[in-house]
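Undergrad: coordinates only, sequence not included:
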C-alpha cells in the first residue's frame, strides 16, 4: 500500500483491517443469551471486559447494565431511565463501572 502523503493513522488502520480480512469465515465459540432474540429492548449497545478479563458488562436499549462472569449474570443495575449507550470498567478501581445514557445520569 502506498502511504506517501497519508498520516500514520491510515497505515495503522490498514494494518488492523488487513489482519482481520485475511480470514474467509468466523466461527462462533460462545453465545451470550441476553433475552428474547427478536425483542428490540434486548439490543446490546456496548460490551466491556474488566481489566482481568474475568467478567464483562453489557448495556443497551433495556436501560439496564448487566454484569456477567462468562457463565451467568452476576449483577444487574437499573440506574437509567433512557437507552444506555456505553459501559466501561475503571482501570484503577476494577469494581467501578462507568456508563453513558440518553438521560445524562
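TA: Yep, that arrived. Just so you know, these numbers come straight off a predicted model, no measurement behind them.
Undergrad: now for residue 84: which residues touch it?
TA: By C-beta atoms under 8 Å, 6 or more residues apart in numbering, residue 84 lies in contact with 45, 46, 59, 60, 62, 63, 64, 65, 99, 100, 101. Glycine gets a C-beta too; all of them are placed from N, C-alpha and C.
Undergrad: now, which of these lie within helices?
TA: Counting by DSSP state H, no part of these is found in helices.
Undergrad: by neighbour count, which of those residues wins?
TA: Counting neighbours by other C-beta atoms under 10 Å, residue 59 leads the contacts of residue 84 with 26 neighbours.
Undergrad: partner residues bridging that one?
TA: With DSSP bridges as the criterion, residue 59 is bridged to residue 46, residue 65.
Undergrad: so what's residue 1 scoring on pLDDT?
TA: Looking at residue 1, its pLDDT is 50.
Undergrad: can you give me the strands in this protein?
TA: Taking DSSP state E to define them, one finds strands in the chain at 44-49, 56-60, 65-68, 73-77, 84-89, 97-101.
Undergrad: want to throw these into a markdown table with mean pLDDT and distance to residue 13?
TA: Shown next, in a markdown table, are these (pLDDT from 0 to 100; distance: least, C-beta to C-beta, whole Å):
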| stretch | mean pLDDT | distance to residue 13 |
| --- | --- | --- |
| strand 44-49 | 83 | 22 |
| strand 56-60 | 84 | 26 |
| strand 65-68 | 85 | 31 |
| strand 73-77 | 75 | 35 |
| strand 84-89 | 85 | 22 |
| strand 97-101 | 87 | 25 |
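Undergrad: single out the most deeply packed of the ones you listed.
TA: Among those, strand 56-60 has the highest mean neighbour count (mean count of other C-beta atoms under 10 Å), at a mean of 22.
Undergrad: which strands and helices sit next to that one?
TA: Here strand 56-60 touches strand 44-49, strand 65-68, strand 84-89, going by 3 or more C-beta pairs under 8 Å, 6 or more residues apart in numbering; DSSP states H and E.
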